[in-house]
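1. Got a sequence here, can you model it:
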Amino acid sequence: MDLTGARWRKSSRSSGNGGNCVEVADNLPGVVGVRDSKDPTGPALVFGPASWRAFVAQLPGRD
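-> Predicted structure coming up:
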């Protein structure tokens with residue numbers, strides 16, 4: 001999948017010390033991209049919007 005036009009933003013739950021950093025791109029029609037900010041040219045996961053919402057809803061602290 002071509003994610004060239006993705007606008008990546010760091011997750012608010014990522015640590016600021018260079019450790020575990022996740023970036024999300026939700027500006028593309030019909031998909032949400034997820035990647036490791038330490039490897040921006042590496043692989044990215046792609047989810048459908050409903051699947052992404054279901055995943056995020058299950059994260060701890062999201063009640």
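
2. burial of Ala44, as a residue count?
-> Using other Cβ atoms under 10 Å, Ala44 has 19 other residues around it. (C-beta placed from N, C-alpha, C; glycine too.)

3. Just say helix, strand or coil for Asn20.
-> Classification of Asn20 by DSSP: H, G, I helix; E, B strand; the rest coil places it in coil.

4. before we move on, what about the one 4 residues further on?
-> The local conformation at Val24, judged by three-state DSSP, is strand.

5. Is it correct that Arg7 is in contact with Ala25?
-> Yes. Using Cβ atoms under 8 Å, Arg7 is in contact with Ala25, at 5.9 Å.

6. Which elements pack onto the helix-or-strand element of the chain with minimal mean pLDDT?
-> None of the helices or strands of the chain scores lower by mean pLDDT, DSSP states H and E than strand 9-10, at a mean of 90. Packed against strand 9-10, as judged by 3 or more Cβ pairs under 8 Å, 6 or more residues apart in numbering; DSSP states H and E, are the following elements: strand 22-25.

7. Neighbouring strands of the helix or strand that the strand it packs on is followed by in the sheet, and parallel or not?
-> Counting by DSSP states H and E, the element after strand 22-25 in chain order, helix or strand, is strand 32-36. Partner strands for strand 32-36, per DSSP bridges, with pairing direction: strand 22-25 (antiparallel), strand 44-47 (antiparallel).
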